[in-house]
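[1] Build the 3D model from these lines:
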Amino acid sequence: MGTSSTKALEQGQTLPDTKSAMTREFLTTSNIAKQHWTNSHSPSSGTLRYSALDLAVMADKGDPFATQLWSDVGDALGATLALVIDFLNPDAIVIGGIFPRQEFRLRPSMERSLHREALPENLECCTIRGSELGERISDYSALAVAMVGQQLHDVAAQLTNAVEGQ
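    Numbering: from 1, shown residues only. Here you go, the predicted structure:
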């Protein structure tokens, strides 16, 4: 989506009817924390710097800002997953990162969004769960990328040798 569409959203204008509500929602979720902060706080510095842990502790203490933020993030996650489910129709989606630790906060609003946005027959066939790799997911991902990179290097070398040998 072009910059002009994003600016139109920021100014409160609507996108052409050919754009879906999910696309509009997805574009606006990047400012969720900023919007909540602006609506519920008056920061003197104007800078918002909360970690996920800070927001989890705040939500545990009943802070309405943090609680609503987690709900909105789950809603945006659900809308995004609905797009993936409708376009790719996967049997399963495994989510890593913070999701396994904060699933109890994210899943309720994620599920509501999924049921609202995804095609029911596609959603019925897809299970969504947190990764069982835990905090080491990035280590495994880096290792997988390195292994694929090495394989590609080996294939390129074989192709180069084959072409030079002819």
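[2] tally of neighbours for Q151?
    As a burial measure, the neighbour count of Q151 was computed by other C-beta atoms under 10 Å and equals 10. Glycine gets a C-beta too; all of them are placed from N, C-alpha and C.
[3] E117 now?
    Using other C-beta under 10 Å: E117 sits among 21 other residues.
[4] what about it, distance to L81?
    9 Å (C-beta to C-beta, to the nearest Å).
[5] can you check E124 too?
    Distance of E124 to L81, given as C-beta to C-beta: 14 Å.
[6] quick one, which of those two is more surrounded?
    Neighbours per residue, other C-beta under 10 Å: of E124 and L81, the larger number sits with L81, 21 against 10.
[7] so what secondary structure elements neighbour the host helix or strand of the more buried one?
    Taking DSSP states H and E as the definition, L81 sits inside helix 64-88. Packing contacts for helix 64-88, counted by 3 or more C-beta pairs under 8 Å, 6 or more residues apart in numbering; DSSP states H and E, involve helix 21-28, helix 32-40, helix 52-60, strand 92-95, helix 99-117, helix 120-124.
[8] could you redo the last one with a cut-off of 6 Å?
    Other elements packing on helix 64-88 under the criterion 3 or more C-beta pairs under 6 Å, 6 or more residues apart in numbering; DSSP states H and E are helix 21-28, helix 32-40, helix 52-60, helix 99-117, helix 120-124.
[9] Tell me what angle that helix forms with helix 52-60.
    Here the directions of helix 64-88 and helix 52-60 differ by 120 degrees (axes from the mean of the first three to the mean of the last three C-alpha atoms, to 10 degrees).
[10] Going forward, the N-terminal residue is numbered 167.
    Right, with 167 as the first residue, what we last looked at is helix 230-254.
[11] buried sites along helix 230-254?
    Within helix 230-254, the residues scored as buried using 16 or more other C-beta atoms under 10 Å are 231-248, 251.
[12] before we move on, the earlier item: check the helices and strands packed on helix 230-254 for me: which has the lowest mean pLDDT.
    Comparing the helices and strands packed on helix 230-254 by mean pLDDT, the weakest confidence falls on helix 187-194, with a mean of 45.
[13] For G240, give its distance to T233.
    For G240, the distance to T233 - C-beta to C-beta - is 11 Å.
[14] meant to ask about R271
    When distances are taken as C-beta to C-beta, R271 and T233 turn out to be 8 Å apart.
[15] what does L299 give?
    Applying C-beta to C-beta, one obtains 28 Å for the distance of L299 from T233.
[16] How about C291, nearest residue that isn't a chain neighbour?
    For C291, the nearest residue in space outside its immediate sequence neighbours is D257; the separation is 6.5 Å by C-beta to C-beta, 6 or more residues apart in numbering.
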